[in-house]
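**Q** The sequence and its predicted three-dimensional model are supplied below.
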Amino acid sequence: MSEPLILGIESSCDETGVGIVRGNQLLANEVASSVEEHVRFGGVVPEVASRAHLEAIVPTIERALKTADVDLGQLDAIAVTAGPGLMGALVVGIAAAKALALATGKPLYGVNHLAGHVAVDLLEHGPLPQPAVALLVSGGHTSLLRVDDVATKIIEIGATIDDAAGEAYDKVARLLGLSYPGGPVIDRIANGDGDPQAAGDPTAIRFPRGLTAQKDLVKHRFDFSFSGLKTAVARWVELRQRDGLDIPLADVAASFQEAVCDVLSAKAIDACQSLGAEDLLIGGGVAANGRLRVLLAERAEERGIRLRRPRPGLCTDNGAMIAVLGAQMVSRGLPPSALDFAADSTLPV
Ligand code: KG4
Ligand code: ZN
């Protein structure tokens with residue numbers, strides 16, 4: 001078969017994404033986000049997300065087909081996120097994908113969202129040499145993965161033992177009185193919001209780096225912990241307020257961000273070296289973070305590791321990541337899913 005033409009549907013959280021790829025070539029990537037509807041709640045409300053998916057799914061599929069200039073009949077297969085994610089959100093994408101597969105007779109692949117965050121890199125940087133290491137950092141997940149085969153063999157070598165990195169950003173933003181989602185806001189404020197003079201000093205406050213002490217490295221070398229960091233920021237802010245001092249927002253944001261990015265990048269590079277991997281790829285919403293991208297690039301270069309950074313729009317949830325993973329499965333001749341497969345909100349990688 002020539003390169004397979006795949007439509008991918010993503011609906012695990014608050015983004016309704018539909019992507020179309022031909023092999024590793026991106027033809028369309030349409031995303032409708034309900035993030036605005038969650039802002040006043042300070043986090044994703046599952047029922048609100050499900051309803052938004054229901055409203056957005058058909059128009060988003062139509063837009064993607066139009067952008068790619070593709071008819072449903074031309075597709076080789078349909079791929080959809082099977083999990084992990086919010087149950088009520090997943091089932092909307094899965095129902096739509098099943099309906100399309102039934103109506104067109106095309107094979108259907110229920111795929112892993114986390115593997116999709118890894119596979120999306122193929123669209124920008126082509127085949128991934130093995131073994132590679134992937135640092136997956138989102139609102140729900142923070143893991144280090146060994147990638148032996150993007151479609152069939154991804155092994156988790158470490159993960160957060162409490163909050164995900166994105167969750168830490170969101171919680172710290174909330175305690176600083178900033179809006180949701182906190183990641184992009186903290187990223188911007190730490191950078192001075194466009195004014196380099198107003199950028200925060202990342203060394204202003206030395207916040208803790210979770211699970212980096214010698215004793216932690218024995219059992220948790222590739223694991224992460226961010227809840228102590230969040231508590232440290234809360235405590236620091238409380239003490240300032242108690243003493244009637246103002247809060248230097250940019251410095252707090254930059255210092256918090258430095259603690260997160262320092263640990264993420266140090267452990268990711270350590271994982272590459274310990275596994276003999278020459279390629280490190282990053283994915284998930286936090287992989288869009290400006291400081292993380294710079295720090296990883298510096299540290300990877302020092303160690304001769306190739307860093308694969310998908311553009312920010314491909315790091316956050318989207319349908320193209322599901323489509324490209326589906327294309328990999330079709331190319332390997334893997335069997336499609338049964339039409340009655342169920343969503344799995346806790347699907348492991
Ligand atoms: O992968 P994603 O779109 O959704 C899932 O959680 O699966 O990631 C969303 C998370 C949120 O916690 C958000 O605050 C964070 O990614 N995020 C960022 C940035 N952009 C999004 N965190 C830090 N810096 C950013 N620029
Ligand atoms: Zn995600």
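**A** Ah, there it is. Ligands and ions are numbered 1, 2, ... in the order given.
**Q** Tell me, how many residues neighbour Ile338?
**A** Rather than Ile, residue 338 is Ala. 9 (other Cβ atoms under 10 Å). Glycine gets a C-beta too; all of them are placed from N, C-alpha and C.
**Q** What residues does the residue of the stretch 51-200 of the chain found nearest ligand 2 make contact with?
**A** Proximity of the stretch 51-200 of the chain to ligand 2 (Cβ to the ion) peaks at Ser138, 4.3 Å away. Applying Cβ atoms under 8 Å, 6 or more residues apart in numbering to Ser138 gives the contacts His117, Ala164, Ala165, Gly166, Gly283, Gly284, Gly285, Val286, Asp317.
**Q** so which of the residues you listed also contact ligand 1?
**A** Among the contacts of Ser138, the ones lying near ligand 1 by Cβ under 6 Å from any ligand atom are Gly166, Gly284, Gly285, Val286, Asp317.
**Q** Check the spacing between the last one and Glu15 real quick.
**A** Using Cβ to Cβ, to the nearest Å, one obtains 4 Å as the distance from Asp317 to Glu15.
**Q** which one of the two has more residues nearby?
**A** Asp317 (27 against 23).
**Q** Who wins on neighbours among the contacts of Ser138?
**A** Result: His117 is most packed of the contacts of Ser138 (other Cβ under 10 Å), 33 neighbours.
**Q** Surely that residue is in contact with Val137?
**A** No - taking contacts as Cβ atoms under 8 Å, His117 lies outside contact range of Val137: 9.1 Å.
**Q** residues shared between the contacts of those two?
**A** Common neighbours of His117 and Val137 (Cβ under 8 Å, 6+ apart) are Gly283, Gly284.
**Q** ok, Ser50 - contacts?
**A** Residues counted as contacts of Ser50 (Cβ under 8 Å, 6+ apart) are Leu86, Gly88, Ala89, Val91, Val92.
**Q** Surely Glu167 touches His141?
**A** No - Glu167 lies out of contact with His141 (Cβ under 8 Å); the separation is 9.4 Å.
**Q** Up against ligand 2, what does the protein have?
**A** Ser138, Asp317 (Cβ under 5 Å from the ion).
**Q** tell me, what residue is most central in the chain?
**A** Gly284 (1.4 Å; Cα atoms, centre = their mean).
**Q** Provide a list of residues in contact with that one.
**A** Gly284 makes contacts with His117, Leu136, Val137, Ser138, His141, Thr142, Gly166, Cys315, Thr316, as judged by Cβ under 8 Å, 6+ apart.
**Q** Quick check: buried residues in the lowest-mean-pLDDT helix or strand in the chain?
**A** None of the helices or strands of the chain scores lower by mean pLDDT, DSSP states H and E than helix 35-38, at a mean of 90. By 16 or more other Cβ atoms under 10 Å, the buried positions in helix 35-38 come out as His38.
**Q** re the thing from before, with respect to ligand 2, which of the ones next to ligand 1 among the contacts of Ser138 is nearest?
**A** Asp317 (4.4 Å).
**Q** and the gap between the closest one and Lys219?
**A** Look at Asp317 and Lys219: by Cβ to Cβ, they are 32 Å apart.
**Q** Quick check: what element follows the longest helix seen in the chain along the chain?
**A** As assigned by DSSP state H, the longest helix anywhere in the chain is helix 249-275. Next helix or strand after helix 249-275 toward the C-terminus (DSSP states H and E): strand 279-283.
**Q** Narrow the contacts of Ser138 to those in strands?
**A** Gly283 (DSSP state E).
**Q** Going by distance to Gly304, which of the contacts of Ser138 wins?
**A** Of all these, Gly283 has the smallest distance to Gly304: 21.8 Å, by Cβ to Cβ.
**Q** residue in the stretch 51-200 of the chain nearest to ligand 1?
**A** In the stretch 51-200 of the chain, the residue that lies nearest ligand 1 is Gly183 (2.1 Å; Cβ to the nearest ligand atom).
**Q** so what's Gly290 closest to, chain neighbours aside?
**A** Once flanking residues are discounted, Gly290 sits nearest to Asp187: 5.5 Å by Cβ to Cβ, 6 or more residues apart in numbering.
**Q** separation between that neighbour and Leu280?
**A** 20 Å.
**Q** Looking at the two, which one has more neighbours?
**A** Leu280 (24 against 19).
**Q** any idea how far that one is from Gln273?
**A** For Leu280, the distance to Gln273 - Cβ to Cβ - is 10 Å.
**Q** List the residues that are in contact with both of the two.
**A** Counting by Cβ under 8 Å, 6+ apart, the residues touching both Leu280 and Gln273 are Ile305.
**Q** still on that earlier bit, what does the model give the residue of the stretch 51-200 of the chain closest to ligand 1 for pLDDT?
**A** Gly183 is assigned a pLDDT of 96 by the prediction.
**Q** isn't it right up against Asp170?
**A** Yes - with contact defined as Cβ under 8 Å, Gly183 reaches Asp170; the gap is 6.9 Å.
**Q** list the residues that contact both of the two?
**A** Applying Cβ under 8 Å, 6+ apart, one finds that Gly183 and Asp170 are jointly contacted by Gly139.
**Q** List the buried residues for stretch 10-28?
**A** For stretch 10-28, a neighbour-count test (16+ other Cβ under 10 Å) marks 10-24, 26-28 as buried.
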